[in-house]
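Q: 3D, please:
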Amino acid sequence: MSPQVAVRLSEPLLERIDALVGSGRFETRADRERRREIGAAIAEGYTRVPQAEEREDELGTFPLDDPTGDG
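A: Numbers count the residues shown, from 1 in each chain. The predicted model follows:
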């Protein structure tokens, strides 16, 4: 079992989180926070290391006008 941690949230934020949980978007308040952290980490990664066209070509993707990659 994971330890519980007490945090203070504003009433408006808590109401929004509870509305998301109540709508079925998230199973629990903790589920909402986990997904927020994962999304923030993904966004930070793309900010830190942006995807460049040169990198896409290295990975084998080709421009739309030449799907064969022949030039």
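
Q: phi, psi of Arg25?
A: phi -60, psi -40 (degrees, to the nearest 10).

Q: Quick check: closest non-adjacent residue to it.
A: Leaving aside its chain neighbours, Arg25 sits nearest to Arg32 (7.8 Å; criterion: CB to CB, 6 or more residues apart in numbering). Yep, even glycine has a C-beta here, placed from its N, CA and C like the rest.

Q: Show the pLDDT at Val7.
A: The per-residue pLDDT reported for Val7 equals 83.

Q: Give me the three-state assignment for it.
A: Assigned state for Val7: coil (three-state reduction, DSSP: H, G, I helix; E, B strand; the rest coil).

Q: How many residues are close by Val21?
A: By the criterion of other CB atoms under 10 Å, Val21 has 16 neighbours.

Q: Quick check: which element contains it?
A: Using DSSP states H and E, Val21 falls within helix 11-22.

Q: what helix or strand is the residue nearest the centre of the chain on?
A: In the chain, the residue lying closest to the centroid (CA atoms, centre = their mean) is Gly39, at 2.1 Å. Here Gly39 is covered by helix 29-48, with elements defined by DSSP H and E.

Q: about what we covered before: quick check: buried residues in the helix holding Val21?
A: Residues of helix 11-22 classed as buried: 17, 21 (neighbour count, 16 or more other CB atoms under 10 Å).

Q: so it versus helix 29-48, what angle?
A: For helix 11-22 against helix 29-48, the angle by axes from the mean of the first three to the mean of the last three CA atoms, to 10 degrees is 100 degrees.

Q: CA-only coordinates of helix 11-22 in PDB, if you can.
A: The C-alpha coordinates for helix 11-22 follow below in PDB (Å, rounded to 0.1, in the frame of the first residue of the first chain):
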ATOM      1  CA  GLU A  11     -11.800  24.800  -3.100                       C
ATOM      2  CA  PRO A  12     -12.300  25.700  -6.800                       C
ATOM      3  CA  LEU A  13      -9.500  23.300  -7.800                       C
ATOM      4  CA  LEU A  14     -10.900  20.500  -5.700                       C
ATOM      5  CA  GLU A  15     -14.300  21.000  -7.100                       C
ATOM      6  CA  ARG A  16     -13.000  20.700 -10.700                       C
ATOM      7  CA  ILE A  17     -11.100  17.600  -9.800                       C
ATOM      8  CA  ASP A  18     -14.100  16.000  -8.200                       C
ATOM      9  CA  ALA A  19     -16.200  16.900 -11.200                       C
ATOM     10  CA  LEU A  20     -13.700  15.100 -13.500                       C
ATOM     11  CA  VAL A  21     -13.800  12.100 -11.200                       C
ATOM     12  CA  GLY A  22     -17.600  12.200 -11.000                       C
END
